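**Student:** Take a look and give me a structure for this.
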Amino acid sequence: MNKFVFVVCGRKEHIEELNFSLKFLRHFSKNEIIVLTDKKRNEIQINHDNIINIDTPTEFDNHQASIFIKTGLNKHLKKDNNYCYLDGDIVAINSEVDKVFEHFQSPITFAADHCIMQEFSPHAMNCNCVEENLKEEDIFNDKLSELFGKINLTDSHIKKQTEELLSIFVKHRNSPFKYFLKNIKYLIQRYLLPVKTFYFHNYRFQKTNKCWYNSDNEIVLFDYPYYEKRLWGTSGIKFNKEDNSWETKDGKKFEFKAPVCNHLNEYLKKEYGVKIPNDWQHWNGGVFLFNDSSTEFLNYWHTQTIKEFSNPYTKTRDQGTLALTVWKFGLENHPNIPKEFNWITEFANNNIAWDKDKGYTFDGFKTVFYPNLLHIYHEWGNKDWSIWESVIEVKKNKNI
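**Tutor:** The predicted structure is shown next:
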């Protein structure tokens, strides 16, 4: 038989996410759904009638307890079944979800992650690479704040809105006839009417300081030509159009790329003798299919993951040891679950979106995508995000 499995332990917000996701999966799936937990840790009740209670080691925190159960699922579930594990932040949006079981290939089948090993490494290791990257962003924002007051243009939420506003300008500029009336209105408001502020789409322009604000009154963009000399004089930074970067007077560049490093790969090679290429597309632990043939794989993953709990150099996660296990078993080229069964939705990626008329896309609507499970690993409940709007639309239309 085919069965879905969730794991949760502890904090209220994680259980609320699971309760939300459970409603959707129960609506769309015909298969049994099991939740594994340690009830004594939970701040609120799990709204489900098929729960297996596991006593986890008391020395573990809630996060470790969840990983303890997740990587050891085969020890607590009945044999002779096919199982699909789902993270609590994965939402089913149609009845195609049950087809995920068709993609199992022994000994175990995972979905691919949205990044490669080198990009995942800073988030798996206590190597300070993420922190150093954040320091660079803080320095940049501090310099801007000397002129604008409190400002944070590198925050993912602000960056997304900045890119959205810039894309709106590009659309209006590239299609002057289509947006003729709106363009005329914009020009009149900005340059002719004696108003201090006006709105353009969902953003407000303050004419007194030539800055654009979002609905939370945060600056998302400013009129750079107006501020160019003042920025250079006050903060010592300028925008280099040739290589699309900000730089200081001494040539220091602020590029704000996602942090990458080789520390995870180096550690796995030194500690376990497993060499993994930096550009390997590692697996995501949010969705995986398993059965009795997965026992050896799961046992090794579980053992190494628990071992790493006591290592101060590695963060408490299961994906670094998952990569280790994959290569240890020679499964680095093993087939993955198709992306539609674990679509990892990135808030800061403008190519990932939903439109009520067009549907979903991962390439800015060059094509349309048809996912079955949305992996909403951040920005859960963000009403200003089209992906979350789509979830609420499903909830409303299906009366979930």
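**Student:** where does F110 land on pLDDT?
**Tutor:** You'll see F110 listed with a pLDDT of 98.
**Student:** and the one helix or strand it maps to, what does it pack onto?
**Tutor:** With elements taken from DSSP states H and E, the one containing F110 is strand 108-112. If you count contacts as 3 or more C-beta pairs under 8 Å, 6 or more residues apart in numbering; DSSP states H and E, strand 108-112 packs onto strand 283-290. Glycine gets a C-beta too; all of them are placed from N, C-alpha and C.
**Student:** ok and the strand it packs on relative to strand 108-112, angle-wise?
**Tutor:** Orientation note: strand 283-290 sits at an angle of 150 degrees relative to strand 108-112 (axes from the mean of the first three to the mean of the last three C-alpha atoms, to 10 degrees).
**Student:** Distance from strand 283-290 to the middle of the chain?
**Tutor:** 16 Å (C-alpha atoms, centre = their mean, to the nearest Å).
**Student:** next one: stretch 352-365
**Tutor:** 17 Å.
**Student:** Surely K238 is in a strand?
**Tutor:** Yes: counting by DSSP: H, G, I helix; E, B strand; the rest coil, one finds K238 located in a strand.
**Student:** So for stretch 45-55, what gets flagged as buried?
**Tutor:** 46, 48, 54 (16 or more other C-beta atoms under 10 Å).
**Student:** Actually, stretch 301-314.
**Tutor:** 301-302, 304-306, 308-309, 314.
**Student:** and if you look at stretch 269-276?
**Tutor:** So for stretch 269-276, counting by 16+ other C-beta under 10 Å, buried means I276.
**Student:** CA atoms only for it, dumped as CSV, please.
**Tutor:** The C-alpha coordinates for stretch 269-276 follow below in CSV (Å, rounded to 0.1, in the frame of the first residue of the first chain):
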residue,chain,number,x,y,z
LYS,A,269,36.4,14.0,2.0
LYS,A,270,38.6,14.4,5.1
GLU,A,271,36.2,12.7,7.6
TYR,A,272,34.6,10.0,5.5
GLY,A,273,36.9,9.6,2.5
VAL,A,274,34.0,10.6,0.1
LYS,A,275,34.9,13.0,-2.7
ILE,A,276,31.9,15.0,-4.1
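**Student:** and it, how far from the chain's centre?
**Tutor:** With C-alpha atoms, centre = their mean, you get 28 Å for stretch 269-276.
**Student:** Then stretch 173-186?
**Tutor:** The chain centroid and the centroid of stretch 173-186 are separated by 35 Å under C-alpha atoms, centre = their mean.
**Student:** Pull out the buried residues from that stretch.
**Tutor:** Buried-residue list, stretch 173-186, by 16+ other C-beta under 10 Å: 179, 186.
**Student:** what distance separates the start and the end of that stretch?
**Tutor:** 12 Å (C-alpha to C-alpha, to the nearest Å).
**Student:** same thing with stretch 85-95?
**Tutor:** Note: stretch 85-95 ends 17 Å apart using C-alpha to C-alpha.
**Student:** again with stretch 288-298
**Tutor:** Termini of stretch 288-298 sit 11 Å apart (C-alpha to C-alpha).
**Student:** likewise stretch 308-317?
**Tutor:** In stretch 308-317, first residue to last residue: 9 Å (C-alpha to C-alpha).
**Student:** contacts for that stretch?
**Tutor:** Identification of contacts with stretch 308-317 by C-beta atoms under 8 Å, 6 or more residues apart in numbering yields 60-61, 63-64, 67, 123-127, 267, 320-321.
**Student:** now stretch 387-400
**Tutor:** Contacts for stretch 387-400 (C-beta under 8 Å, 6+ apart): 23-24, 27, 91, 93-94, 345, 347, 352-354, 356, 360, 374, 376, 379-383.
**Student:** Repeat the analysis, applying 6 Å as the threshold.
**Tutor:** With C-beta atoms under 6 Å, 6 or more residues apart in numbering as the contact definition, stretch 387-400 has outside contacts at 23-24, 27, 91, 93, 345, 354, 382.
**Student:** and if you look at stretch 360-372?
**Tutor:** Residues contacting stretch 360-372 (C-beta under 6 Å, 6+ apart): 94, 96-97, 340-341, 343, 351-354, 358-359.
**Student:** List the ones among those that fall in helices.
**Tutor:** Under the assignment DSSP state H, the contacts of stretch 360-372 contribute nothing to helices.
**Student:** what about stretch 162-177, average pLDDT?
**Tutor:** 90.
**Student:** go on, stretch 77-85?
**Tutor:** Mean predicted confidence for stretch 77-85 is 97.
**Student:** The closest residue to F347 other than its chain neighbours: neighbouring residues, count only.
**Tutor:** Of all residues not flanking F347 in the chain, E379 sits nearest, at 4.2 Å (C-beta to C-beta, 6 or more residues apart in numbering). Residues lying near E379 (other C-beta atoms under 10 Å) number 17.
**Student:** E379 and E266, how far apart?
**Tutor:** 32 Å (C-beta to C-beta, to the nearest Å).
**Student:** And Q189, by the same measure?
**Tutor:** 56 Å.
**Student:** Flag the shaky bits of the stretch 151-300 of the chain, pLDDT-wise.
**Tutor:** Within the stretch 151-300 of the chain, no stretch has pLDDT under 70.
**Student:** so where do the strands sit in it?
**Tutor:** 197-200, 203-206, 211-213, 219-222, 237-240, 245-248, 253-254, 283-290 (DSSP state E, counting those that start in this stretch).
**Student:** Can you say which of those strands is packed in most?
**Tutor:** Counting by mean count of other C-beta atoms under 10 Å, strand 283-290 has the highest mean neighbour count of the strands of the stretch 151-300 of the chain, with a mean of 23.
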